[in-house]
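Asker: Prediction below, plus the sequence it came from.
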Amino acid sequence: MSTRVFKTMLPLTKPTTRLRNLLGRPKAILSLGAQDCFSALIMEQTGLEMVFLGGFGAAASLLGLPDVGLLEMNQMADQVRRISQRVSVPVVADADTGYGDLHNVAHTVRTFEAAGAAGLLLEDQTHPKRCGHFPGKSLISSADMVLKWKAAVDARKDPDFVLIARTDARAVEGFDKAVERMKAYLDAGADVGFIEAPQSENELRQIPTLFNKPMLVNMLSGGLTPILPAQELEQLGYRIVVCPIETLMVTAKAIRELARALLDKGRVDHLAAQTGSFADLKSILDLTGIMGLKDRLEAGDP
């Protein structure tokens, strides 16, 4: 059966419940960072079970700017809405600092949930935040972040909506303080933990052993954290493994090479043929299914 323009066959469970179920198994959830519907769609069609919408990719895609707190809440929520309408796998979105105080955090949780996200990340940086692998970060107090987590838990309507606590304390206060903060956030009701930018394999190995809730790990190429294979991270106990900006890296290089080829050779077809075809794009976007709508309706196909 052909796919449709939007999801027409509802999954047996809600995306939030599906994400909860994935977190409950021993196998890790693997995801790349998506910037838009197209990248998310390819990820789903290739077999990834979750889409991660990070602030770095969204800021680059929507604004052409770096991840330094310039993306507004409604811009991110709109991107969540577009992606969650097009894919069936759970979408987890970066909510930065919650875009303000306790009231903003509560509003963000409700807005992202209504937009179709299966979960979100909240971090303990001051506003404006920075990418977790950028220098110059600063943090709010642990006590203030605990209040934010209580506000987030109180605001969600679907109890299966997954709340992921991120701390950037490793770079600011050291590893032990990052662990201390994470324990406080998980105790306040966060469902999953994420210590951003551990700086050694030893730290990576310790983190999953220190908490009684699932942990997320970020494998950012060229960042501060050593890169380990997903299978090894799974064995260490991580339940979510995300490569957050690599799709953006690949896209940047490919477009640059196309532009240079057009300037130097006056044509790009020799490069395009190495990566994909027009037929591939039509298949990804389900052109046949969309154009066949009239025929299906006339045939009485539900």
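Answerer: Received the coordinates, thanks. Residues are numbered from 1 along each chain as shown.
Asker: Please make it C-alpha for all contacts and neighbour counts, starting now.
Answerer: Noted.
Asker: where's the residue nearest to G100 when sequence neighbours are not counted relative to L71, distance?
Answerer: Spatial nearest neighbour of G100, chain neighbours left out: H127 (7.5 Å); criterion: C-alpha to C-alpha, 6 or more residues apart in numbering. Going from H127 to L71 by C-alpha to C-alpha, to the nearest Å gives 12 Å.
Asker: More neighbours: which of these two?
Answerer: L71 (22 against 18; other C-alpha atoms under 10 Å).
Asker: That one contacts A59, correct?
Answerer: Yes: if you go by C-alpha atoms under 8 Å, L71 and A59 touch, sitting 5.9 Å apart.
Asker: start to end distance for stretch 64-72?
Answerer: Stretch 64-72 end-to-end distance (C-alpha to C-alpha) = 14 Å.
Asker: residues of that stretch that come out buried?
Answerer: Residues of stretch 64-72 classed as buried by neighbour count (16 or more other C-alpha atoms under 10 Å): 66-69, 71.
Asker: what about the residue positioned nearest the centre of the chain, is that helix, strand or coil?
Answerer: In the chain, the residue lying closest to the centroid (C-alpha atoms, centre = their mean) is F52, at 2.0 Å. Reducing the assignment at F52 to three states with DSSP: H, G, I helix; E, B strand; the rest coil gives strand.
Asker: Okay, and the beta partners of it?
Answerer: Beta-bridge partners recorded for F52 (DSSP bridges): G33, V92.
Asker: Give me the pLDDT for it.
Answerer: In this model, F52 is scored at 98, pLDDT.
Asker: hang on, the earlier thing: the residue nearest to G100 reaches T97, doesn't it?
Answerer: Yes: the criterion here is C-alpha under 8 Å, and H127 meets it with T97 at 6.9 Å.
Asker: Brilliant, that's me finished.
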